[in-house]
Structures are given as structure tokens and as C-alpha cells.
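Asks: fold the following, please.
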Amino acid sequence: MPHYIAIIEDNGPDEAVGMWFPDLPGCISGGDDIEEALENAPEAVALYAQELNEDGRELPPPRTLDELKADPAFADDLRNHTAVLIEWPPLAAE
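Replies: Purely as a prediction, here's the structure:
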């Protein structure tokens, strides 16, 4: 299964947790805590994919963590925040 890398920005217990996807500009997720942000992530990618589809475009292929680390636009973010893998497409609930 392919995975998109998401970067989690957790500003502490009194702030919402934000998550964004380097390969999907403008695609964000969030939640009251990391668990909720992770639960919301597949829906954020699905909505992003839907918007692209409506414009006649497709999701770009996901890059690997090593590829993103080599990209100067994201290297600092990967050093300073937590990166997680978000499976896409998500497995159907059983």
C-alpha cells in the first residue's frame, strides 16, 4: 500500500494538533490531540483527492521519507517535527 508522509505539529496540551502533507500542498488535518489528527487524516486526503478529481487531476505519487529529507523545502520540518505515514487509499473498515 502506498503511504503519504504527514508532518505533525503539536504545540502542547492547550493547542490543537495540526498535520500537513508535503506531497499534497494545502491538504491539512487536525484534531484536539495526535490521535484525533491521525484519525482525521484519511478524510483530509480523500477531500483533497476529490477536489483534484473535480479539476481533472489526480493525486501525485507519494515520495519516500528519504526523498522528502533530500528536499530542502521540507528538510527542516522533518528534523523539527514528527513525521507519520498515512496509508492511501485507506483499508476499508471491516
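Asks: whatever helix or strand P42 lives in: how far from the chain's middle?
Replies: Counting by DSSP states H and E, the element that carries P42 is helix 34-54. Distance, stretch centre to chain centre, for helix 34-54: 8 Å (Cα atoms, centre = their mean, to the nearest Å).
Asks: against which helices or strands is that helix packed?
Replies: Helix 34-54 is packed against strand 3-10, strand 17-20, strand 28-31, strand 82-87, with contacts defined by 3 or more Cβ pairs under 8 Å, 6 or more residues apart in numbering; DSSP states H and E. C-beta coordinates here come from the backbone N, C-alpha and C atoms, glycine included.
Asks: give me the buried positions along it.
Replies: By neighbour count, with 16 or more other Cβ atoms under 10 Å as the criterion, the buried positions of helix 34-54 are A37, L38, N40, A41, P42, A44, V45, Y48, A49.
Asks: following that helix, which helix or strand shows up next?
Replies: helix 65-69.
Asks: how distant is the following helix or strand past that next one from the center of its chain?
Replies: Tracing the chain C-terminally past helix 65-69 and defining elements by DSSP H and E, one meets helix 75-80 next. Counting by Cα atoms, centre = their mean, helix 75-80 is centred 14 Å from the centre of its parent chain.
Asks: same thing with stretch 64-71?
Replies: With Cα atoms, centre = their mean as the basis, the mean position of stretch 64-71 lies at 14 Å from the chain mean.
Asks: ok, residues contacting that stretch?
Replies: I5, P22, D23, R63, F74, A75, L78, A83 (Cβ atoms under 8 Å, 6 or more residues apart in numbering).
Asks: and the fifth one, how far from D55?
Replies: So that's F74. Computed as Cβ to Cβ, to the nearest Å, the F74 to D55 distance reads 24 Å.
Asks: between these two, who's got more neighbours?
Replies: F74 (18 against 8; other Cβ atoms under 10 Å).
Asks: so what's the more buried one up against?
Replies: I7, P22, L68.
Asks: so which of the residues you listed would you say is closest to L59?
Replies: P22 (13.2 Å; Cβ to Cβ).
Asks: wait, what's in contact with the closest one?
Replies: With Cβ under 8 Å, 6+ apart, P22 has these contacts: I5, I7, R63, L68, D71, A73, F74, D77.
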